[in-house]
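Chemist: After the sequence you'll find the predicted model.
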Amino acid sequence: MADEQDSVRVDVWLWSVRLVKTRSMATAACRGGHVKVNDVRVKPATVVRPGDEVRLRLDGRERIVVVQRIIRKRVGAPVAAECLIDKSPPPPPREAMLPVARRDRGAGRPTKRERRELERLRNRGFFT
């Protein structure tokens, strides 16, 4: 019985410590292969325990956290911060983000070639 108290599903834990907005987003991230526990891709039902390293790829950024405490219910941000140790690299500065494509006023709609070039530029540099 003590073993059940110190472990929880990875999707529940990701949601409860506020790394994702909804539990269904956590489940989808696990199914999509964006969550690793101790460098192994996991399913949503995989259990995590204190000391496990969880890597989450979300919105073009990788979050690396170490499980410090197990919680099953979503809590406030200050309490959630106590349940993990964040080892993530800092996010890139806003200047390093891709610039927004601007068109001259009155230039009309982009052609098919221009749309493809814009899509190629937007998708460059992200995890896909």
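Modeler: Cool, the structure landed. Numbers count the residues shown, from 1 in each chain.
Chemist: Against which helices or strands is the lengthiest helix in the chain packed?
Modeler: Ordering each helix of the chain by length in residues (DSSP state H) puts helix 112-123 first. Counting contacts by 3 or more C-beta pairs under 8 Å, 6 or more residues apart in numbering; DSSP states H and E, helix 112-123 is packed against no other helix or strand. All C-beta spots, glycine's among them, are computed from the backbone N, C-alpha and C.
Chemist: what about that helix, average pLDDT?
Modeler: Averaging pLDDT along helix 112-123 gives 84.
Chemist: Pull that helix out as PDB, backbone CA atoms only.
Modeler: Extracted C-alpha coordinates of helix 112-123, given in PDB (Å, rounded to 0.1, in the frame of the first residue of the first chain):
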ATOM      1  CA  LYS A 112       1.200  30.300 -53.700                       C
ATOM      2  CA  ARG A 113       5.000  30.400 -53.900                       C
ATOM      3  CA  GLU A 114       5.100  33.100 -51.300                       C
ATOM      4  CA  ARG A 115       2.800  31.200 -49.000                       C
ATOM      5  CA  ARG A 116       5.000  28.100 -49.200                       C
ATOM      6  CA  GLU A 117       8.100  30.200 -48.400                       C
ATOM      7  CA  LEU A 118       6.300  31.700 -45.400                       C
ATOM      8  CA  GLU A 119       5.300  28.200 -44.100                       C
ATOM      9  CA  ARG A 120       8.900  27.000 -44.600                       C
ATOM     10  CA  LEU A 121      10.200  29.900 -42.600                       C
ATOM     11  CA  ARG A 122       7.600  29.500 -39.800                       C
ATOM     12  CA  ASN A 123       8.300  25.800 -39.300                       C
END
